[in-house]
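Undergrad: Any chance you could fold what I've pasted below:
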Amino acid sequence: MAYQPFTPVIETLRGLLMGTEIGNSALVSLAWCAALTAGGYLWARTAYQRSARR
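TA: This next block holds a predicted model:
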């Protein structure tokens with residue numbers, strides 16, 4: 001569970017929809033989303049720069 005990005009997202013959504021406590025799942029979810037977004041951006045930027053040089 002410590003390295004799975006979907007578990008905290010699902011727990012947060014379940015808690016919000018059912019009205020139960022979400023704990024720190026929301027913060028973990030936001031951290032995973034930010035990390036995946038930053039990783040995807042850096043990968044795309046590197047790939048674009050590599051293809052633009054050719």
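Undergrad: To which secondary structure element type does Ile22 belong?
TA: When classified by DSSP: H, G, I helix; E, B strand; the rest coil, Ile22 comes out as coil.
Undergrad: Was I right to think it contacts Pro8?
TA: No - the criterion here is Cβ atoms under 8 Å, and Ile22 misses it with Pro8 at 9.1 Å. The way it works is simple: take the backbone N, C-alpha and C, and place the C-beta from them, glycine included.
Undergrad: shaky segments in this protein?
TA: By pLDDT under 70, the low-scoring segments of the chain are 1-3.
Undergrad: what ranges do the helices span in the protein?
TA: Here the chain has its helices, by DSSP state H, at 6-18, 25-52.
Undergrad: so which of the ones you listed is the most packed in?
TA: helix 6-18 (a mean of 14; mean count of other Cβ atoms under 10 Å).
Undergrad: So the residue nearest the centre of the chain versus Ile10, what's the distance?
TA: Per Cα atoms, centre = their mean, the C-alpha nearest to the average position across the chain is that of Cys33, at 1.9 Å. Between Cys33 and Ile10 the computed distance is 13 Å (Cβ to Cβ, to the nearest Å).
Undergrad: same deal with Arg53?
TA: Relative to Ile10, and taking Cβ to Cβ, Arg53 is found at 41 Å.
Undergrad: ok, now Ser51?
TA: Taking Cβ to Cβ, one finds Ser51 at 36 Å from Ile10.
Undergrad: Over to Ser25?
TA: Ser25 is 9 Å from Ile10, by Cβ to Cβ.
Undergrad: Please apply the same query to Arg54.
TA: 42 Å.
Undergrad: Next: Ile22.
TA: 11 Å.
Undergrad: can you check Thr37 too?
TA: 18 Å.
Undergrad: now do Leu30
TA: From Leu30 to Ile10 the distance is 14 Å (Cβ to Cβ).
Undergrad: And for Ser29?
TA: With Cβ to Cβ as the criterion, Ser29 and Ile10 are 9 Å apart.
Undergrad: try Tyr41
TA: Separation of Tyr41 from Ile10 (Cβ to Cβ): 24 Å.
Undergrad: repeat for Trp32
TA: Going from Trp32 to Ile10 by Cβ to Cβ gives 12 Å.
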